[in-house]
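[1] turn this into a structure:
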Amino acid sequence: MANSKTFQITEQNINQRLDMYIASLDLDLSRSMAQKMIENGQVLVNDKVSKTSYKTKLGDIIQITIEEPKEVGLKAQDIPLDIIYEDDDIIVINKPKGMVVHPGSGNPDGTLVNAVLNHCKGSLSGIGGEIRPGIVHRLDKDTSGLIIIAKNDKAHINLSKQIQERKVKKIYTALVRGVIPEDTATINMPIGRSKTDRKKMAVRKDGKEAITHIKVIKRYDKYTLISVKIDTGRTHQIRVHMAEIGYPVVGDEVYSNGKNEFDVHGQMLHSTSLDFVHPITGKPMHFEAPLPEYFEEVLDKLEGEV
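    Take a look at the predicted model:
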């Protein structure tokens, strides 16, 4: 089923980008959702398909067709979750290393999404014509730590906007190979899809802006423990940036050779803390997740060498 709504452009709304105008309406649609709907032909301007960049004109008739959420072929699975916080609108989960966030090629089930579907019993955000189980942001399979799940559309849209406006503060802890001499540093290098391997990301002049701030926590003989804050959330951002400057994340099998004396598989990267504003109550929220046991064991070995 679909629900169609019609709006007319007045003097207050002229010369606005079409996607921004739609996002400003009381329809619980984010700008990215509006862009997708325009691309899918769900938005007509004067009975014609338009572009996201179209600038509204006085008297334009905008017709928006909103698809009703529909079930997708995802199965709920009884997989244990380390829930840090939960209320009627959000869940904050400490994701273990090795768990994929959402189903995809090679990972049809056993993911965080399958686990969340089971835990929430259908009470999740349904946006863009299909049930999206609240995944507001993502973590790589072998990156552990904090991730936010939205339980309804209003929460999902608000959190997505906070991330887009860089109001969500994400702090990671990583162990990297090599000794970083600077106490603090900022890496500002654009990231895009690799031209030689489509499964990888790379620093590219024509890529999207990517800013990573690092702070040294402790130096060891051949390694450095760092705290990482990201202003942008590009795919594999921390891993790409650290490898690019010559200090790859220990265990990273994609952007390093993955070999290490600790026999760790997958990057030693953990989402340690999250700060954001509750999407419904407006209350400031702060959460922390301790380092995984294997991570602590590696640090204990390094401490023994100091």
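[2] for the chain, give me the ranges with low pLDDT.
    Within the chain, the segments meeting pLDDT under 70 span 1-2, 28, 68-73, 105-106, 122-123, 125-133, 305-306.
[3] let's see it at 80
    1-3, 26-30, 32, 67-74, 102-108, 121-134, 198, 305-306 (pLDDT under 80).
[4] return the distance of the residue nearest in space to the middle of the chain relative to Asn40.
    Geometric centre of the chain, nearest residue: His137, 2.4 Å, by C-alpha atoms, centre = their mean. Distance of His137 to Asn40, computed by C-beta to C-beta, to the nearest Å: 23 Å. C-beta: built from backbone N, CA, C; applies to glycine.
[5] what does Gly178 give?
    Taking C-beta to C-beta as the measure, Gly178 falls 47 Å from Asn40.
[6] dump the residue contacts of Lys200.
    Shown in contact with Lys200 (C-beta atoms under 8 Å, 6 or more residues apart in numbering): Arg193, Ser194, His236, Val254, Tyr255.
[7] what's the closest non-adjacent residue to the first one?
    Of all residues beyond its chain neighbours, the one nearest Arg193 is Met201 (6.3 Å), with distances taken as C-beta to C-beta, 6 or more residues apart in numbering.
[8] so what's the one you found up against?
    Ile191, Gly192, Arg193, Ser194, Arg234, Thr235, His236, Gln237, Val240.
[9] what's the burial count for the fifth one?
    Per other C-beta atoms under 10 Å, the neighbour tally for Arg234 reads 20.
[10] would you agree it is in contact with Asn188?
    No: between Arg234 and Asn188 there is no contact under C-beta atoms under 8 Å: 11.9 Å.
[11] between these two, what contacts are shared?
    Ala210.
[12] quick revisit: filter the contacts of Met201 down to the buried ones, ChimeraX style.
    In ChimeraX syntax, the buried subset of these is picked out as below (16 or more other C-beta atoms under 10 Å):
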select :191,192,234,236,237,240
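[13] and which of the contacts of Met201 is nearest His119?
    Nearest to His119 among the contacts of Met201, counting by C-beta to C-beta, is Thr235 at 26.3 Å.
[14] let me see the ranges of the strands in the stretch 1-150 of the chain.
    Shown for the stretch 1-150 of the chain, the strands assigned by DSSP state E, counting those that start in this stretch span residues 2-8, 43-45, 48-49, 61-67, 83-86, 90-95, 126-127, 130-131, 144-150.
[15] ranking those strands by burial, who's on top?
    Mean neighbour count, computed with mean count of other C-beta atoms under 10 Å, is highest for strand 144-150 among the strands of the stretch 1-150 of the chain, reaching a mean of 26.
[16] tell me the angle of that strand relative to strand 90-95?
    Interaxial angle of strand 144-150 relative to strand 90-95 (axes from the mean of the first three to the mean of the last three C-alpha atoms, to 10 degrees): 160 degrees.
[17] sorry, back to before: residue contacts, the residue nearest to the centre of the chain?
    Ile147, Ile148, Ile163, Val168, Gly233.
[18] can you pull the phi/psi pair for it?
    phi -140, psi 170 (degrees, to the nearest 10).
[19] which one of the strands of the stretch 1-150 of the chain lies closest to Ser32?
    When those are compared (using C-beta to C-beta), the closest one is strand 126-127, at 9.9 Å.
[20] what does stretch 180-192 contact?
    Stretch 180-192 has contacts (C-beta under 8 Å, 6+ apart) with 201-216, 219, 224, 226, 234-237, 240-241, 244-245, 247.
[21] list buried residues within those.
    The neighbour-count test (16+ other C-beta under 10 Å) applied to these identifies 201-203, 207, 210-214, 216, 219, 224, 226, 234, 236-237, 240-241, 244-245, 247 as buried.
[22] right, I'll leave it there.
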